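Participant: Here is the input, now give the coordinates:
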Amino acid sequence: MVGGVVVLRDGLIIAVETAAAPSLESLLLRSGRVSGDDWTDVFAEAAPQGRLRAALVERGLLGSASVQVVTQTAAMDAMFALGLADIHSCAPDPVEAGLEPLLPIIPGLDVSRVVRETRRRLAIAARWHELGLDQRTRPLATQAAPPIDAGRAEILARVNGRRTSRDLAFLLGRGLFAVMSDLELLHQDGQVTFERTATAPSQPSHASPASPAAPRRPDPADDEERLASPGGNAGPGRSPGPGPGAGPRRRAFSWRPERPT
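Facilitator: This is a model prediction of the structure:
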């Protein structure tokens, strides 16, 4: 069972974080967009002053448009993963000054847009569930010819019957929704099969982003997967201080997996 945090400022979503989906750092580092050494250097130099976004652009590690895309992608994917999780309660909390998001979305995402897109993705996930595909599924490769599409070929090369959909997302530095989409296409082409778990969750509903479908935290299959896990990121998930450009205090809604007593 996992939880997460949705951070808002002035009514807009500026970050979403959960262990159920690859973090922003995972998307940057595991995908190779930014090297581990470059990330360590730029983080040490810029994060304490709240200048990580600007420093990534100034050093030529990412373009300003790329920063915007990856921050939005990470937030939308995290919200989708929260929608699949077994969430039973949420509570508003003021964000502490020293726990600002590393790379907030600027200016932020409209809440209604995020809800609409999350519902759309959960509706698709409900159809995947009927095939035996969810975040806990451990796909098995068949003997069919490998796919031509490079992204799906990359996934297929790492399918070993032990890694879950979530494992593959962390391993590749790709969003959970994108990886599950490609797994469904691989299944359509007969290149993977899905083995249902004995305790498969109920079919996810698309009625709201917090639809129940309890994931199981996977046991990494090898060292590579341990490096790709949330604890294997190169840097912390929050800025060590607000810095001069941190802006006003933000509000976060924490989604907690505990069942009410």
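Participant: if I look at residue 152, how far off is residue 115?
Facilitator: 29 Å (Cβ to Cβ, to the nearest Å). From N, CA and C alone the C-beta is placed, and that goes for glycine too.
Participant: Settle this for me: residue 16 is touching residue 8, isn't it.
Facilitator: No. Checked against Cβ atoms under 8 Å, the pair residue 16 and residue 8 is beyond contact range at 9.9 Å.
Participant: Show me which of residue 152 and residue 115 is the more surrounded one.
Facilitator: Between residue 152 and residue 115, residue 152 has the larger neighbour count (other Cβ atoms under 10 Å), namely 20 against 15.
Participant: who's in contact with that one?
Facilitator: Residues in contact with residue 152, defined by Cβ atoms under 8 Å, 6 or more residues apart in numbering, are 182, 185, 186, 191.
Participant: Just give me the closest of those residues to residue 110.
Facilitator: Taking Cβ to Cβ as the measure, residue 110 sits nearest to residue 182 out of those, at 28.0 Å.
Participant: hang on, isn't the closest one packed against residue 151?
Facilitator: Yes. Here residue 182 reaches residue 151: they are 5.9 Å apart, a contact under Cβ under 8 Å.
Participant: higher neighbour count, these two?
Facilitator: Neighbour count, other Cβ under 10 Å: between residue 182 and residue 151, residue 182 has more, with 23 against 15.
Participant: Can you say which helix or strand has the more buried one in it?
Facilitator: helix 176-188 (DSSP states H and E).
Participant: Which elements pack onto that helix?
Facilitator: Applying 3 or more Cβ pairs under 8 Å, 6 or more residues apart in numbering; DSSP states H and E, we find helix 176-188 packed against helix 64-84, helix 111-131, helix 150-156, helix 165-172, strand 192-193.
Participant: 7 Å instead, please
Facilitator: helix 64-84, helix 111-131, helix 150-156, helix 165-172 (3 or more Cβ pairs under 7 Å, 6 or more residues apart in numbering; DSSP states H and E).
Participant: Mean pLDDT and distance to residue 37 added to those helices, as a markdown table?
Facilitator: Formatted as a markdown table, these follow (pLDDT from 0 to 100; distance: least, Cβ to Cβ, whole Å):
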| stretch | mean pLDDT | distance to residue 37 |
| --- | --- | --- |
| helix 64-84 | 94 | 19 |
| helix 111-131 | 96 | 34 |
| helix 150-156 | 91 | 23 |
| helix 165-172 | 95 | 20 |
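Participant: winner for burial among those?
Facilitator: Compared across the helices and strands packed on helix 176-188, helix 165-172 shows the largest average neighbour count, a mean of 26 (mean count of other Cβ atoms under 10 Å).
Participant: Residue 141 contacts residue 162, correct?
Facilitator: No. Using Cβ atoms under 7 Å, residue 141 is not in contact with residue 162, being 11.7 Å away.
Participant: Which of the two has more residues huddled nearby?
Facilitator: More crowded of residue 141 and residue 162, by other Cβ under 10 Å: residue 141, with 17 against 14.
Participant: so what's the closest residue to that one other than its chain neighbours scoring on pLDDT?
Facilitator: Spatially, and ignoring its direct neighbours in sequence, residue 141 is nearest to residue 159 (4.7 Å; Cβ to Cβ, 6 or more residues apart in numbering). With respect to pLDDT, residue 159 scores 94.
Participant: who's residue 16 bridged to?
Facilitator: Beta-bridge partners of residue 16, counted by DSSP bridges, are residue 6.
Participant: change the start of the numbering to 807 and stick with it
Facilitator: Okay, using 807 as the starting number, the last item reads as residue 822.
Participant: residue contacts, it?
Facilitator: 810, 812, 881, 884, 885 (Cβ atoms under 7 Å, 6 or more residues apart in numbering).
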